[in-house]
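J.: I need the structure of the sequence given here:
(2 chains)
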Amino acid sequence: SQTIHQWPATLVQPVGSPLSLECTVEGTSNPNLYWYRQAAGRGLQLLFYSVGIGQISSEVPQNLSASRPQDRQFILSSKKLLLSDSGFYLCAWSVGLAGLNEQFFGPGTRLTVL
Amino acid sequence: GNSVTQMEGPVTLSEEAFLTINCTYTATGYPSLFWYVQYPGEGLQLLLKATKADDKGSNKGFEATYRKETTSFHLEKGSVQVSDSAVYFCALSEGNTGGFKTIFGAGTRLFVKA
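T.: Residues are numbered from 1 along each chain as shown, chains lettered A, B, ... in the order given. Below is the predicted model:
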């Protein structure tokens, strides 16, 4: 069966520090991978998605970046965190190109920038 | 572009009350429609889906019917329980050659009182 892991589960970082959040998927090949941010009491904002190794599409210009060094690994990074980067970060995966398939979400990382 | 609009929350109900959460969408093609649920501190999980007009998705007593004529996908449950307290997200997806993205509504928080 497929599983998705995210770590760390919680993170408190000072403003200006770097960030690296990791997401890995097991039990599937060539998934589409996604990073979302959910601010407190708000909906989901798509940050990045990837349809293959090294292929990254950015949805919102900001100080975050994403990389996909392996088929089932997706990393969210920042060189210098801002207060506004606080939120709940969710990784998700799906398969197929047709608009029929659900997305499977990880447990999330709660990031607090102080 | 594609969008999803759902009723603002929070919605507060007593146990065994009838639930309706409204969702309408705009899309250029023929999207698939989804309801996801997010329990406190967790990622999202699929609740139900419908892939074409007049389809009814159902799961755990929840139902939603894909209404193309009114571009709606309202979520209903005949008798809610305290354990249904969560945030509910309506979503749509359309395939495209670059993979596919899911557009999420802002979410509706449901509180069910015993």
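
J.: Name the residue closest to the centre of chain A, please.
T.: What sits nearest the mean C-alpha location of chain A, by Cα atoms, centre = their mean, is A:Trp35, with 2.8 Å.

J.: correct me, but that residue touches A:Cys23?
T.: Yes: with contact defined as Cβ atoms under 8 Å, A:Trp35 reaches A:Cys23; the gap is 7.5 Å. All C-beta spots, glycine's among them, are computed from the backbone N, C-alpha and C.

J.: can you give me the strands in chain A?
T.: A:3-7, A:10-13, A:19-26, A:32-38, A:44-52, A:55-58, A:64-70, A:73-78, A:87-94, A:104-105, A:109-113 (DSSP state E).

J.: Neighbouring strands - and their directions - for the first one?
T.: Read that as strand A:3-7. strand A:19-26 (antiparallel) (DSSP bridges).

J.: Give me the angle between the strand it pairs with and strand A:87-94.
T.: 30 degrees (axes from the mean of the first three to the mean of the last three Cα atoms, to 10 degrees).

J.: For strand A:19-26, give the mean pLDDT please.
T.: Averaging pLDDT along strand A:19-26 gives 96.

J.: B:Arg109 is nearest to which of the strands of chain A?
T.: strand A:32-38 (12.5 Å; Cβ to Cβ).

J.: what's the closest residue in space to B:Asp55 that isn't next to it in sequence in contact with, if anything?
T.: Nearest residue to B:Asp55, sequence neighbours excluded (Cβ to Cβ, 6 or more residues apart in numbering or on different chains): B:Tyr66, at 4.8 Å. B:Tyr66 makes contact with B:33, B:50-57, B:73 under the criterion Cβ atoms under 8 Å, 6 or more residues apart in numbering or on different chains.

J.: and chain A, which residues reach chain B?
T.: By Cβ under 8 Å from any Cβ of the partner chain, the residues of chain A that approach chain B are A:32, A:34, A:42-44, A:46, A:49-51, A:57, A:90, A:92, A:94, A:96-108.

J.: joint contacts of A:Trp35 and A:Cys23?
T.: Common neighbours of A:Trp35 and A:Cys23 (Cβ under 8 Å, 6+ apart) are A:74, A:76, A:91.

J.: Buried subset of the contacts of B:Tyr66, written for ChimeraX?
T.: Per 16 or more other Cβ atoms under 10 Å in any protein chain shown, the buried members of these correspond to this ChimeraX selection:
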select /B:33,50,51,57,73
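
J.: for the contacts of B:Tyr66, which one is nearest chain A?
T.: Comparing the contacts of B:Tyr66 against chain A with Cβ to the nearest Cβ places B:Thr51 closest, at 5.4 Å.
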